[in-house]
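Asks: Below are the sequence and a predicted model; questions follow.
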Amino acid sequence: MQPSDPDNVTCETCKANCCRLQVLLIDDNDVPESMTDWTDWGGQVMYRRDDGWCTAVDRETMRCTIYARRPQVCRDFEMGGRECLDERNAPGNE
Ligand code: SF4
Ligand code: SF4
(Lines give C-alpha, C1' and ligand atoms only; values in the text may rest on other atoms or scores of the structure.)
(Ligands and ions follow the chains in the order given, each with its own letter.)
Protein backbone atom coordinates (compact mmCIF):
# COMPACT_ATOMS: atom_id res chain seq x y z
CA MET A 1 0.00 0.00 0.00
CA GLN A 2 1.19 3.51 -0.76
CA PRO A 3 1.75 5.77 2.22
CA SER A 4 -1.35 7.80 2.91
CA ASP A 5 -1.31 11.53 2.27
CA PRO A 6 -2.11 13.04 5.70
CA ASP A 7 -4.31 15.66 4.05
CA ASN A 8 -6.52 13.01 2.48
CA VAL A 9 -6.82 10.69 5.46
CA THR A 10 -10.30 10.09 6.76
CA CYS A 11 -11.73 7.45 9.05
CA GLU A 12 -14.38 6.83 6.38
CA THR A 13 -11.81 4.95 4.33
CA CYS A 14 -10.26 3.04 7.19
CA LYS A 15 -11.22 -0.19 8.90
CA ALA A 16 -10.78 1.25 12.40
CA ASN A 17 -7.13 0.25 12.39
CA CYS A 18 -6.33 2.31 15.48
CA CYS A 19 -9.00 0.42 17.41
CA ARG A 20 -6.73 -2.63 17.46
CA LEU A 21 -4.16 -0.82 19.57
CA GLN A 22 -4.11 -1.25 23.32
CA VAL A 23 -6.18 1.52 24.92
CA LEU A 24 -5.04 2.32 28.44
CA LEU A 25 -7.73 3.80 30.67
CA ILE A 26 -6.77 6.59 33.04
CA ASP A 27 -9.63 8.11 35.02
CA ASP A 28 -12.01 7.14 32.22
CA ASN A 29 -14.93 6.60 34.56
CA ASP A 30 -17.60 6.88 31.88
CA VAL A 31 -16.43 3.81 29.94
CA PRO A 32 -18.68 0.77 30.57
CA GLU A 33 -16.86 -1.50 33.02
CA SER A 34 -18.00 -4.55 31.08
CA MET A 35 -15.92 -3.38 28.10
CA THR A 36 -12.70 -3.18 30.07
CA ASP A 37 -9.98 -5.61 31.02
CA TRP A 38 -6.96 -5.72 33.31
CA THR A 39 -3.42 -6.35 32.17
CA ASP A 40 -0.88 -8.53 33.95
CA TRP A 41 0.82 -5.38 35.17
CA GLY A 42 -2.37 -3.98 36.70
CA GLY A 43 -3.43 -1.48 34.05
CA GLN A 44 -7.07 -1.14 33.03
CA VAL A 45 -7.54 -1.25 29.27
CA MET A 46 -10.29 -1.60 26.71
CA TYR A 47 -11.09 -5.27 26.21
CA ARG A 48 -10.02 -6.62 22.82
CA ARG A 49 -11.79 -9.60 21.33
CA ASP A 50 -10.09 -12.51 19.60
CA ASP A 51 -10.22 -10.66 16.26
CA GLY A 52 -7.94 -8.02 17.78
CA TRP A 53 -10.35 -5.11 17.75
CA CYS A 54 -11.60 -3.25 20.79
CA THR A 55 -14.86 -4.74 21.97
CA ALA A 56 -16.58 -1.37 21.49
CA VAL A 57 -16.19 -1.55 17.71
CA ASP A 58 -19.42 -2.37 15.89
CA ARG A 59 -18.26 -5.21 13.62
CA GLU A 60 -20.76 -4.26 10.90
CA THR A 61 -20.02 -0.56 10.61
CA MET A 62 -16.54 -0.54 12.19
CA ARG A 63 -17.64 2.49 14.23
CA CYS A 64 -17.21 3.06 17.94
CA THR A 65 -20.39 2.20 19.81
CA ILE A 66 -19.42 4.36 22.81
CA TYR A 67 -18.16 7.35 20.85
CA ALA A 68 -19.58 9.96 23.25
CA ARG A 69 -18.07 8.04 26.18
CA ARG A 70 -14.83 6.93 24.54
CA PRO A 71 -11.57 6.98 26.53
CA GLN A 72 -9.29 9.99 26.55
CA VAL A 73 -6.62 8.07 24.64
CA CYS A 74 -9.09 7.65 21.79
CA ARG A 75 -10.04 11.32 21.92
CA ASP A 76 -6.39 12.33 21.71
CA PHE A 77 -5.59 10.03 18.78
CA GLU A 78 -4.99 12.31 15.83
CA MET A 79 -6.54 11.37 12.51
CA GLY A 80 -3.79 11.80 9.94
CA GLY A 81 -1.12 11.91 12.63
CA ARG A 82 1.96 9.73 12.68
CA GLU A 83 0.43 6.87 14.64
CA CYS A 84 -2.68 6.93 12.47
CA LEU A 85 -0.58 6.74 9.30
CA ASP A 86 1.54 3.97 10.81
CA GLU A 87 -1.58 1.91 11.48
CA ARG A 88 -3.12 2.58 8.09
CA ASN A 89 0.08 1.59 6.34
CA ALA A 90 0.89 -1.45 8.47
CA PRO A 91 0.99 -4.71 6.51
CA GLY A 92 -2.37 -6.45 6.50
CA ASN A 93 -4.36 -3.42 7.55
CA GLU A 94 -7.09 -1.91 5.36
S1 SF4 B 1 -6.27 4.74 12.03
FE2 SF4 B 1 -6.63 6.92 11.57
S3 SF4 B 1 -8.04 6.96 9.83
FE4 SF4 B 1 -8.13 4.89 10.74
S5 SF4 B 1 -9.87 4.99 12.17
FE6 SF4 B 1 -7.98 5.47 13.31
S7 SF4 B 1 -7.84 7.72 13.26
FE8 SF4 B 1 -9.31 7.11 11.66
S1 SF4 C 1 -13.27 2.89 22.66
FE2 SF4 C 1 -14.07 3.32 20.63
S3 SF4 C 1 -12.55 4.71 19.69
FE4 SF4 C 1 -11.58 3.71 21.46
S5 SF4 C 1 -10.52 1.91 20.65
FE6 SF4 C 1 -12.55 1.25 21.32
S7 SF4 C 1 -13.87 1.40 19.51
FE8 SF4 C 1 -12.00 2.59 19.11
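Replies: Okay, I see it. Ligands and ions are numbered 1, 2, ... in the order given.
Asks: which residues touch residue 27?
Replies: Taking C-beta atoms under 8 Å, 6 or more residues apart in numbering, we find residue 27 in contact with residue 72. For the C-beta atoms, the positions are set from N, CA and C on the backbone; glycine is no exception.
Asks: could you measure it against ligand 2, distance?
Replies: Distance, residue 27 to ligand 2, using C-beta to the nearest ligand atom, to the nearest Å: 15 Å.
Asks: same deal with residue 21?
Replies: Residue 21 is 7 Å from ligand 2, where distance means C-beta to the nearest ligand atom.
Asks: So the closest residue to that residue other than its chain neighbours: helix, strand or coil?
Replies: Of all residues not flanking residue 21 in the chain, residue 87 sits nearest, at 7.1 Å (C-beta to C-beta, 6 or more residues apart in numbering). On the three-state scheme (DSSP: H, G, I helix; E, B strand; the rest coil), residue 87 is labelled helix.
Asks: Please work out how many residues are found near residue 87.
Replies: Applying other C-beta atoms under 10 Å, we find 19 residues neighbouring residue 87.
Asks: and what of residue 71?
Replies: Other residues close to residue 71 by other C-beta under 10 Å number 24.
Asks: I'd guessed the residue nearest to residue 21 sits against residue 19; true?
Replies: No. If you go by C-beta atoms under 8 Å, residue 87 and residue 19 don't touch, sitting 9.2 Å apart.
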